[in-house]
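Participant: need coordinates for the below:
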Amino acid sequence: AVRAFTLWDGFFRWRAYRPAMPEKEVRDIPRPLREQYEKAVAAIQRNNLDYAITILGDVAQREPAFYAGREALRAAQLKKAGTSRGFLRKVFGTAGSSPLLAKGQIELRTNPLDALRTAEQILNSDPHNLHAHRLLAEAALASDLPRTAVLSLELVFKGAPDRDVALKFLFGGGADTNQK
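Facilitator: Numbering: from 1, shown residues only. All right, here's what the predicted structure looks like:
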């Protein structure tokens, strides 16, 4: 039986289902995807965020190891969402994404790339969702995409008003930050 480890079990994973996939740079992706990426970056500069998110989402789905594309996608999502986030939006955003989070956790055990796509779906509607970032980080590590995992974890850590709570959340609640 294949046991799926979580992010918090460590950075070493046993992968019996596929070989490692190195993260790719702009020069390493096929030309049509590179052109789409460049169009999306231009759309971000023109503040056409919906178009950029759509294009970058397609690029991330077709080339999951493309780090710069995922980084630009995250920047566009955050810029569209803005920095303020009301209480009701936070509550309803988390409640509305619960079925997708459950689906992503199941996919994480069977196919981490599908879990990565599911986390991206959640982040398209709510880029501040801590659970989606955690799912994305776990799926990225399972897919051997460490820079993608670090990007997501950094966004959680920077976006949390209380960093102690963010650390406890990221590391499964086991860390007691009051101990010396």
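Participant: just the helices in this protein please.
Facilitator: Using DSSP state H, the helices of the chain run over 31-45, 49-62, 67-81, 87-96, 98-110, 112-125, 130-142, 146-159, 163-170.
Participant: the ones you listed: lowest mean pLDDT?
Facilitator: Lowest mean pLDDT within the helices of the chain: helix 87-96, at a mean of 53.
Participant: pop out the phi and psi values for residue 145.
Facilitator: Dihedral pair for residue 145: phi -120, psi 70, per degrees, to the nearest 10.
Participant: report the contact partners of the nearest residue to it once chain neighbours are set aside.
Facilitator: Nearest residue to residue 145, sequence neighbours excluded (C-beta to C-beta, 6 or more residues apart in numbering): residue 23, at 5.5 Å. For the C-beta atoms, the positions are set from N, CA and C on the backbone; glycine is no exception. Counting by C-beta atoms under 8 Å, 6 or more residues apart in numbering, residue 23 touches 65-67, 145-148.
Participant: I'd like those as TSV, with neighbour count and distance to residue 40 appended.
Facilitator: As requested, the contacts of residue 23 are exported to TSV (neighbours: other C-beta atoms under 10 Å; distance: C-beta to C-beta, whole Å):
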residue	neighbour count	distance to residue 40
65	21	17
66	25	12
67	22	14
145	27	20
146	14	24
147	14	19
148	25	17
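Participant: nearest to residue 135, of these?
Facilitator: Among the contacts of residue 23, residue 148 lies closest to residue 135 (C-beta to C-beta), at 12.2 Å.
Participant: so the closest one makes contact with residue 69?
Facilitator: No: between residue 148 and residue 69 there is no contact under C-beta atoms under 8 Å: 10.3 Å.
Participant: what do the two both touch?
Facilitator: By C-beta under 8 Å, 6+ apart, no residue touches both residue 148 and residue 69.
Participant: please report the distance of residue 104 from residue 23.
Facilitator: 20 Å (C-beta to C-beta, to the nearest Å).
Participant: I meant residue 130, not that one.
Facilitator: Distance from residue 130 to residue 23, by C-beta to C-beta: 23 Å.
Participant: repeat for residue 107
Facilitator: Counting by C-beta to C-beta, the gap from residue 107 to residue 23 is 20 Å.
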